[in-house]
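A.B. asks: Please find the sequence and the predicted model below.
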Amino acid sequence: MYDLSIVVVSILFISNFIGFLIAALCNVWLTDRFGFGKVIVAACAMQLLSYSLMCWAPPFALLSSATP
């Protein structure tokens, strides 16, 4: 559907890994500052937004920015 090369797909996987790593490192600080309940609600809201954009099958640029 998107006709992507292996390089673009690899960049997506690398950027996902970097995003998950940053999120894991910020998790403790965010939980200490805002509390676990607020952080988990915000995380669920971001995940819901991301998956709702993905199921819509947008253009590739928007899809790549919406991947969780």
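C.D. replies: The structure has been received and is ready for your questions. Remember, predicted model here, so these are calculated numbers, not experimental data. Numbering: from 1, shown residues only.

A.B. asks: Now do the helices in this protein.
C.D. replies: Assigned by DSSP state H, the helices in the chain fall at 6-34, 36-55, 60-66.

A.B. asks: now these in TSV, with mean pLDDT and mean neighbour count?
C.D. replies: C-beta here means a position set from N, CA and C on the backbone, and glycine is covered the same way. Shown next, in TSV, are the helices of the chain (pLDDT from 0 to 100; neighbours: other CB atoms under 10 Å):
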stretch	mean pLDDT	mean neighbour count
helix 6-34	89	11
helix 36-55	90	12
helix 60-66	74	13
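
A.B. asks: What about Glu3, how many residues nearby?
C.D. replies: Rather than Glu, residue 3 is Asp. When counting by other CB atoms under 10 Å, one arrives at 6 neighbours for Asp3.

A.B. asks: Could you check how far it is from Ala66?
C.D. replies: When CB to CB, to the nearest Å is applied, the distance between Asp3 and Ala66 equals 19 Å.

A.B. asks: I'd assumed Val39 was in contact with Asn27.
C.D. replies: Yes. Shown here, Asn27 and Val39 form a contact pair, counting by CB atoms under 8 Å, at 7.5 Å.

A.B. asks: State the distance from Cys44 to Phe17.
C.D. replies: Between Cys44 and Phe17 the distance is 22 Å, computed by CB to CB.
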